[in-house]
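*Asks:* Okay, sequence plus prediction incoming.
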Amino acid sequence: ETGVTQTPRHLVMGMTNKKSLKCEQHLGHNAMYWYKQSAKKPLELMFVYNFKEQTENNSVPSRFSPECPNSSHLFLHLHTLQPEDSALYLCASSQDWGVFNQPQHFGDGTRLSIL
Amino acid sequence: DAKTTQPPSMDCAEGRAANLPCNHSTISGNEYVYWYRQIHSQGPQYIIHGLKNNETNEMASLIITEDRKSSTLILPHATLRDTAVYYCIALSLMNRDDKIIFGKGTRLHILP
């Protein structure tokens, strides 16, 4: 139990579907992150939120739309995805953003498959 | 941020200490050494981090050489549940743009 919960754990969707991934952290952290982990690529940072404000968008395509209603919840809305978007999507949180003597705590991810 | 190099795989007998090495010869003075692991079908799990001094917590010990060019993660009494890929990362204390970048890591097999 890492204190970061992601749902669903697995998701299969067609390219025209709309779905959302959810992340909730119970650690009282102020920063939350979305990462993509593919089989053939290293971990890729997608978005960073600090105190509900987006501080970083690493050139992520607009078919991925994040939402952070409060410091404990983070969503990733998915729309018109491509097969190459199939991957493990990981959520993480840390006490603060940009302070690297504080570790990030990860959820177990959502395994996404695009048909 | 400094690149790190790790052996691709290691074996360790259950109950023995697992010593995982990491080279970070280009590490700068403001970069922390972090260790994470990823067990199959789970997200990365934070283990330990340090700057200059050796560190110990309930999971592991981290030994950093005096010149900071290498470090060793020690799992004192390895169990089958410690089978995972272990990642060593150097992260800057000051650079807000510094990102966690996992390399290929070391795949640790704990043998019964």
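*Replies:* Everything's here; your move.

*Asks:* Correct me if wrong: B:Asn53 contacts B:Thr65.
*Replies:* No - contact status for B:Asn53 versus B:Thr65: not in contact, 11.6 Å apart, counting by CB atoms under 8 Å. The way it works is simple: take the backbone N, C-alpha and C, and place the C-beta from them, glycine included.

*Asks:* higher neighbour count, those two?
*Replies:* B:Thr65 (12 against 8; other CB atoms under 10 Å in any protein chain shown).

*Asks:* can you pull the alpha-carbon coordinates of the helix or strand bottoming out on mean pLDDT in chain B into PDB?
*Replies:* In chain B, the helix or strand scored least confidently by mean pLDDT, DSSP states H and E is strand B:84-92, which has a mean of 90. Output of strand B:84-92 as PDB, limited to C-alpha atoms (Å, rounded to 0.1, in the frame of the first residue of the first chain):
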ATOM      1  CA  ALA B  84      12.200  -6.900  -9.000                       C
ATOM      2  CA  VAL B  85      14.000  -4.400 -11.300                       C
ATOM      3  CA  TYR B  86      16.000  -2.000  -9.300                       C
ATOM      4  CA  TYR B  87      16.700   1.500 -10.600                       C
ATOM      5  CA  CYS B  88      19.500   3.900  -9.500                       C
ATOM      6  CA  ILE B  89      18.900   7.500 -10.400                       C
ATOM      7  CA  ALA B  90      20.700  10.800  -9.900                       C
ATOM      8  CA  LEU B  91      18.500  13.800  -9.300                       C
ATOM      9  CA  SER B  92      19.500  17.400  -8.900                       C
END
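
*Asks:* Could you check the pLDDT of A:Phe100?
*Replies:* We have a pLDDT of 62 for A:Phe100.

*Asks:* partners of the least confident helix or strand of chain B in the sheet?
*Replies:* strand B:31-38 (antiparallel), strand B:106-111 (antiparallel) (DSSP bridges).

*Asks:* which residue ends up closest to the midpoint of chain A in space?
*Replies:* A:Trp34 (2.8 Å; CA atoms, centre = their mean).

*Asks:* how about stretch A:42-55: buried residues?
*Replies:* A:Leu43, A:Glu44, A:Leu45, A:Met46, A:Phe47, A:Val48, A:Tyr49, A:Asn50 (16 or more other CB atoms under 10 Å in any protein chain shown).

*Asks:* Mind listing residues that contact that stretch?
*Replies:* A:30-38, A:56-58, A:60, A:64, A:66, A:68-71, A:74, A:76, A:90, A:96-98, B:44, B:99-103 (CB atoms under 8 Å, 6 or more residues apart in numbering or on different chains).

*Asks:* distance between that stretch and the chain's centre?
*Replies:* Mean C-alpha position of stretch A:42-55 versus that of the full chain (CA atoms, centre = their mean, to the nearest Å) differs by 8 Å.

*Asks:* start to end distance for it?
*Replies:* For stretch A:42-55, the first-to-last residue distance is 22 Å (CA to CA, to the nearest Å).

*Asks:* Same check on stretch A:68-82?
*Replies:* Counting by CA to CA, you get 24 Å between the two ends of stretch A:68-82.

*Asks:* What are the buried residues along it?
*Replies:* Neighbour count says stretch A:68-82 has A:Cys68, A:Ser71, A:Ser72, A:Leu74, A:Phe75, A:Leu76, A:Leu78, A:Leu81 buried, by 16+ other CB under 10 Å.
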